[in-house]
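# Provide a 3D model corresponding to the input given below.
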Amino acid sequence: MRRIIGSLLIVAVVVLGAFVLLGYWSGLSLRRTADRSTPVGTSGAVIDTEKARERGAELAEKAAVATEKVTEAAHEAALTTKIKAKMALDDSVKARTIDVSTDGSTVTLSGTVGSVAEHDRALALAKETDGVSSVIDRLKVHPQ
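You can find the predicted model right below:
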């Protein structure tokens with residue numbers, strides 16, 4: 001009895017292997033293949049490739065604009081930081097009383113300073129910073 005069951009099992013495995021090999025050699029597949037001429041999304045709906053390309057171009061344009069804005073903001077922040085650092089390291093300028101804001105390459109200094117010399121030095125530090133095209137002076141001199 002065991003021999004018969006073992007023999008039947010071997011025959012079944014050989015027949016199954018033969019079907020698999022026959023399908024492989026003949027190019028047949030057990031998997032269903034879809035028509036590849038029209039793209040299909042994960043939901044099974046047909047994709048409009050032209051619309052997808054247009055949407056991709058729109059998103060790329062928005063990403064480029066956002067990148068430009070971030071780059072500009074980083075440049076402005078770098079200019080502001082450079083000027084504030086110069087003022088903090090300068091003994092004749094009290095940097096904590098001066099506000100520095102940057103718009104593009106234009107720097108605005110506002111706040112109060114203790115003397116005309118401090119005022120002039122703060123303006124000079126801002127003007128001599130690389131990347132600064134103009135400086136707007138809104139500093140007020142209040143002698144202490």
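
# only C-alpha atoms for contact and neighbour calcs from this point on.
Noted.

# which parts of the chain are helices?
Secondary structure of the chain (DSSP state H): helices at 2-26, 49-89, 116-127.

# please work out which of these is packed deepest.
Of all the helices of the chain, helix 116-127 carries the top mean neighbour count, a mean of 18, counting by mean count of other C-alpha atoms under 10 Å.

# what's that helix packed up against?
Packing partners of helix 116-127 (3 or more C-alpha pairs under 8 Å, 6 or more residues apart in numbering; DSSP states H and E): helix 49-89, strand 106-113, strand 134-141.

# possible to save the helices of the chain as a markdown table with distance to Ser101?
Converted to a markdown table, those look like this (distance: least, C-alpha to C-alpha, whole Å):
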| stretch | distance to Ser101 |
| --- | --- |
| helix 2-26 | 72 |
| helix 49-89 | 6 |
| helix 116-127 | 11 |
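
# tabulate those (JSON lines), appending distance to Arg96 and mean pLDDT.
Output for these, formatted as JSON lines (distance: least, C-alpha to C-alpha, whole Å; pLDDT from 0 to 100):
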{"stretch": "helix 2-26", "distance to Arg96": "79", "mean pLDDT": "78"}
{"stretch": "helix 49-89", "distance to Arg96": "8", "mean pLDDT": "93"}
{"stretch": "helix 116-127", "distance to Arg96": "12", "mean pLDDT": "95"}
